[in-house]
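Q: heads up, no residue letters with this:
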């Protein structure tokens, strides 16, 4: 717990000023760095035809979809032709179409779920362009969408004439500027600093082919081994800072070359929390609602403390009963540090691992599953806050029904349109996850799991939950590089990502088009501890009630079988 307290406090100290700076970046506040950065940004705007004018929701969403489709096509082409492209000293062959499609969608959606084996199936060129490049862009896409949502909710002129405005009159800002400005002014400088810190700890950063070393094996076939290297440190820096999580190496941050020292372990955990926290603090400056900012932070912090405490307790108590559960854990850091990483990486949509989650105790796996099902305990960059606002709107609606009044948030009424959109988000998750899990378990030839009985259910369900939550971690041992797994998880990846980003923006635009009344003593006070506790209760009820049967059949039954 002391390590968690240090990681949290250090992240908090860094995130608070970083959030204020990020707000200024997204507001296009004049800065001293404009003299240099305008030389980079203005030519890009000119080439792309970007104007300073804002966009309505249709224009903003069209730009969002165009950018995503273009990135997807380019990424698939590179992965399927990497053998013929430069920077391939290890002669890595081209990817199959289904694996290339899944990999491209996975990194486009800020998930980084890997059905390939790290460096063994990617050239340096593919790693540097598709993998590392997408890790910079995909979190900023989430940030852009959540900033657009906040602009719609808080930065529109108040309507006093009693007439609704058209959706197309709501200004969401400029999508291209919302991507380019934070890329050069925020993400790249921060990743450069973290890359240097990791390099100082021994993480490789080279374009040379790895050395060949002699092993202690007597068999001639295994007497030598080539150590894979590459520009690892820059990729690890952005994978953690950008809520990405995909490793340069297959076993991710359990590999000493990705995570060589206890200090690098702490640096990577701080990086996991840093920007999702900063996005929350961005609200205070961006929309000038400090109370709302602290309510969101306090709510997420409460859920984080509950989750982390449970993970520590479940891992420690299970090991005392069954020491065999140490299998698969990184002995350099210990079971507690592994549990801390496991709970933080699933509270954030990060998905990196410093142990194999498949070997975590069943109840630790349960905690990790619940973190991803909630998907708003810090969450990913932008999408975590967007998911939190979905829960906030639902909580306002339920609180309004409980008090016998029309639900109202930020002076605007929640009516039929908003409820229908919220219903889509709430229903989509269980329908998608339970249907895909049921089909996969019902047809053994599709499953490819490496575990029997209850743990097999957890293993399959975890893979789909991780995809839908855009997390990317997995219960490894699953034979997931098949056409079925690649295509079915791709569907979950797309459904989870785009429903969470697009629908909150549409709800915000719908609310912004309505007449805004004055908030008074009779209004629901959402910026209060009482509402925060109500919201936490609603989040837990939604998560537990929708998925209780599969959680009982999976991790809970697995725990009972292991303990007794």
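A: The structure has been received and is ready for your questions. Model, not experiment: these values are computed from the prediction.
Q: what about residue 97, how many neighbours?
A: Neighbourhood size, residue 97 [other C-beta atoms under 10 Å]: 13. All C-beta spots, glycine's among them, are computed from the backbone N, C-alpha and C.
Q: That one contacts residue 81, correct?
A: No: contact criterion C-beta atoms under 8 Å: residue 97 and residue 81 do not qualify, at 11.6 Å.
Q: lowest average confidence, helix or strand, in this structure?
A: Least confident element among the helices and strands of the chain, by mean pLDDT, DSSP states H and E: strand 224-226 (a mean of 75).
Q: Against which helices or strands is whatever helix or strand comes next after that one packed?
A: Following strand 224-226 in sequence order, the next helix or strand is helix 232-241 (DSSP states H and E). Counting contacts by 3 or more C-beta pairs under 8 Å, 6 or more residues apart in numbering; DSSP states H and E, helix 232-241 is packed against helix 132-154, helix 188-200, helix 262-286.
Q: so for the last one, what's the average pLDDT?
A: It refers to helix 262-286. Averaged across helix 262-286, pLDDT comes to 94.
Q: could you say what helices and strands the least confident helix or strand of the chain packs with?
A: Using 3+ C-beta pairs under 8 Å, 6+ apart, strand 224-226 sits against strand 212-214.
Q: what's the angle between the longest helix seen in the chain and helix 262-286?
A: Counting by DSSP state H, the longest helix found in the chain is helix 290-321. With axes from the mean of the first three to the mean of the last three C-alpha atoms, to 10 degrees defining the directions, helix 290-321 sits at 150 degrees from helix 262-286.
Q: Could you pull out the buried residues of helix 290-321?
A: Buried residues in helix 290-321, defined by neighbour count with 16 or more other C-beta atoms under 10 Å: 292-297, 299-304, 307-308, 310-312, 314-315, 318-319.
Q: can you put the helices and strands packed on helix 232-241 in a markdown table and add mean neighbour count?
A: A markdown table is the format used below for these (neighbours: other C-beta atoms under 10 Å):
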| stretch | mean neighbour count |
| --- | --- |
| helix 132-154 | 25 |
| helix 188-200 | 17 |
| helix 262-286 | 23 |
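Q: Would you format these as a markdown table with distance to residue 7 included?
A: Shown next, in a markdown table, are those (distance: least, C-beta to C-beta, whole Å):
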| stretch | distance to residue 7 |
| --- | --- |
| helix 132-154 | 20 |
| helix 188-200 | 15 |
| helix 262-286 | 5 |
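Q: can you pull out the helices in the stretch 1-150 of the chain?
A: Taking DSSP state H, counting those that start in this stretch as the criterion, the stretch 1-150 of the chain contains helices spanning 2-26, 34-48, 57-80, 97-108, 124-126, 132-154.
Q: Out of these, which is closest to residue 344?
A: helix 2-26 (7.6 Å; C-beta to C-beta).
Q: tell me the mean pLDDT over the closest one?
A: 93.
Q: if we can go back for a sec, so which of the helices and strands packed on helix 232-241 is nearest residue 444?
A: Evaluated with C-beta to C-beta, the helices and strands packed on helix 232-241 place helix 132-154 nearest to residue 444, the distance being 34.0 Å.
Q: quick one, the closest one and helix 232-241 angle?
A: On the basis of the same axes, to 10 degrees, helix 132-154 is oriented at 20 degrees to helix 232-241.
Q: Past helix 132-154, which element shows up next along the chain?
A: In N-to-C order, the element after helix 132-154 by DSSP H and E is helix 175-182.
Q: I appreciate the help and will end here.
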